[in-house]
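Peer 1: below are the sequence and a predicted model for it; my questions follow.
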Amino acid sequence: MYEEKAAELKERARQLRKTALTMIYEAQSGHPGGAFSAADIVAALYFSEMKIDPKNPKWPERDRFVLSKGHVCPIQYAALGLLGYFPEEHLHTLRKEGSILQGHPDMKKCPGIDISTGSLGQGASCAAGMAIAGKRDRKDYRVFVMVGDGEIDEGIVWEAMMTANKYRLDNYIMILDNNGLQLDGTTDQVMPQLDLSAKAAAFGFDTYDIDGHNMEEILLTLDKVREAKNGKPKFINAHTVKGKGVDFMENKLEWHGMAPNAEQYADAMAQLERGEN
Amino acid sequence: MELGKLIATRDGFGDEIAELGKENPDLYVVDVDIGKSCKTAKFSKSLPEQYLNVGIAEQNGAGVAAGLATCGKIPFVVTYAVFGSLRMCEQIRQEICYPNLNVKIACSHGGVTPANDGASHQAIEDMGVLRTLPNMTVIMPADYVAARKLVRAAANTYGPMFLRFTRDAVPVIYDEDQEFEIGKAVQLREGGDVAIIANGDTVRLAIQAAEELAKEGIQARVLDMHTIKPLDTAAVNACLEEIGRVVTVEDHNIFNGLGSAVCECAAEAGKGKVRRVGIQDRFGQSAPYERLLAMNGITVENIAAQAKALLK
């Protein structure tokens, strides 16, 4: 039942990657690795799962998306631009003076950004506040918060998780973009993480381990999450590949925060066009 | 509340926030496990639906409040001044001031009022740190009456704010009908020889110093500068232009608080001389509150002495 939808969303993800890469190439600055590992999930959320209205970005009933790993915002900007939150020409202004598309998401400048992020870990707390407000106001919106696997070195992420458990926030969905690499090395080299799903379960979360690039699995999981109104917050441990979609970027540390040159850009765009990786 | 009665300004916060919560269902309190000490018990008992306690996790408390504010709530995050300025500082910067969200940081235990708790709990740099954050308003009321009125004004005014209260009791100096406006000093006494600009728990000392000076024929203008940001520059400039001699008094490091803010005005105006009375850029210790003030020269005698030195 997911086949057709999955194919359509894979195509969206491909579009998002191409748009994000072009933005980073034009800006000659940005973070392609983590943007690409997050792309499939971002596509599934924005083009299928979330209850949103691009014409009314502040709609009180909307689902929220908090990109706590704010440095990969080009992938979110791509989704917002393609959905019409702002005119597509803005997509050529990333990181430029006067742009609504700041180096890290700015809720005051860019329509569709639910909270400004950029200092790692903090989005997890803000998302908990949004989820609490939803519960207290008897609204049925949900809050999706994407965190990086390096980001969760931050203690505040775990403080937020304790809060989600205490206030029975089954409308709080934390998605871990678990690509195994952070700025200074592999996550295990920098700070061993042990079994993150087991840790999240110990913090009171329903947990789901998935392949974060398998669109059918993503959709199936989001269905399960939607149905589990049991008072427990959700933790989707999405196993992903940093730089996914471009062979010379995949699992390469140096592509955490580097823009491609002209040759690399052409090669990467051709690969994304073919959609073979 | 009768004049002269000794009562901590944290009590003023606790009484007023409970009233405000009843009036506005969107007003929230976010505690971090020191609610009893910060006087939120009345609020939490009567308004559980508007109350959160996130445990001993100040950074998370600030972040949760930011999230609530994006959904139209007016959260007051309640803690001690040292934690509400420093432990939460980056969350306040990134998630509250940068997006200019309507979150209030309401803190007991301002200045050296945590006295016997020692240096770890005495907030001597908090107002200065927060004064440098864009969009932030920084307030310290002088007494119980001022605390209640300024808490109400804060709840009814959009924007990030830091409010600082005393742990220790201080005398009531204001009539119940005194009006307060955020960013506007209250003139407590008129005089043309010297101006004494104080805030928080030191306003009472400034008034007494002015009374002592009057006995010697020196007339002091006394201002309660309850808001150090935005500073009432009109009131400060009036002191600089009309009098030209200013003593500042604060229960805060002499760096970057009220004294510094007044000096910035004087330097830009190129007028007036300023002497700063406050914490002498050093950490405190466990000791009685009045002793800690005295160790730093925050006394009636020293305020009067500084005023007289300016007149020489």
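Peer 2: Good, I have the coordinates.
Peer 1: contacts only, for residue B:276.
Peer 2: By C-beta atoms under 8 Å, 6 or more residues apart in numbering or on different chains, the contact set of residue B:276 is B:247, B:248, B:250, B:254, B:259, B:260, B:262, B:263. Quick note: C-beta positions are derived from backbone N, CA and C, even for glycine.
Peer 1: kindly format the C-alpha coordinates of the biggest helix by length in chain B as CSV.
Peer 2: Counting by DSSP state H, the longest helix found in chain B is helix B:9-23. The C-alpha trace of helix B:9-23 is given here as CSV (Å, rounded to 0.1, in the frame of the first residue of the first chain):
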residue,chain,number,x,y,z
THR,B,9,10.3,41.1,47.5
ARG,B,10,10.0,37.4,46.5
ASP,B,11,6.8,37.4,48.5
GLY,B,12,5.5,40.2,46.3
PHE,B,13,6.2,38.1,43.2
GLY,B,14,4.5,35.1,44.7
ASP,B,15,1.4,37.0,45.7
GLU,B,16,1.0,38.8,42.4
ILE,B,17,1.8,35.9,40.1
ALA,B,18,-1.0,33.9,41.7
GLU,B,19,-3.4,36.8,41.1
LEU,B,20,-2.3,37.2,37.5
GLY,B,21,-2.6,33.5,36.8
LYS,B,22,-6.3,33.6,37.9
GLU,B,23,-6.9,36.5,35.5
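Peer 1: that one vs chain A: in contact?
Peer 2: No - shown here: helix B:9-23 not in contact with chain A (C-beta under 8 Å from any C-beta of the partner chain), separated by at least 13.1 Å.
Peer 1: which parts of that helix are buried?
Peer 2: B:9-21 (16 or more other C-beta atoms under 10 Å in any protein chain shown).
Peer 1: pLDDT of it, averaged?
Peer 2: Averaging pLDDT along helix B:9-23 yields 98.
Peer 1: stretch B:171-187 now?
Peer 2: Model confidence over stretch B:171-187, given as mean pLDDT, is 98.
Peer 1: the helix or strand containing residue B:238 - contacts with which helices or strands?
Peer 2: Applying DSSP states H and E as the criterion places residue B:238 in helix B:233-242. Using 3 or more C-beta pairs under 8 Å, 6 or more residues apart in numbering or on different chains; DSSP states H and E as the contact test, the elements touching helix B:233-242 are strand B:194-198, strand B:220-224, strand B:245-253, helix B:258-269.
Peer 1: C-terminal to the longest helix of chain B, what's the next element?
Peer 2: Assigned by DSSP H and E, the successor of helix B:9-23 is strand B:27-31.
Peer 1: and for that following strand, what's in contact with it?
Peer 2: The contact list for strand B:27-31 (C-beta under 8 Å, 6+ apart) reads B:17, B:20-21, B:35, B:38, B:40, B:43-44, B:47, B:50-54, B:61, B:64-65, B:68, B:73-79, B:155.
Peer 1: packing partners of the helix or strand that that strand is followed by?
Peer 2: Next along the chain after strand B:27-31, taking DSSP H and E as the criterion, comes helix B:35-38. Here helix B:35-38 touches helix B:9-23, strand B:74-80, strand B:104-108, going by 3+ C-beta pairs under 8 Å, 6+ apart.
Peer 1: I'd like those as TSV, with distance to residue A:226 appended.
Peer 2: Shown next, in TSV, are these (distance: least, C-beta to C-beta, whole Å):
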stretch	distance to residue A:226
helix B:9-23	34
strand B:74-80	29
strand B:104-108	35
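Peer 1: so where's the stretch 151-300 of chain B shaky on pLDDT?
Peer 2: By pLDDT under 70, the stretch 151-300 of chain B contains no weakly predicted segment.
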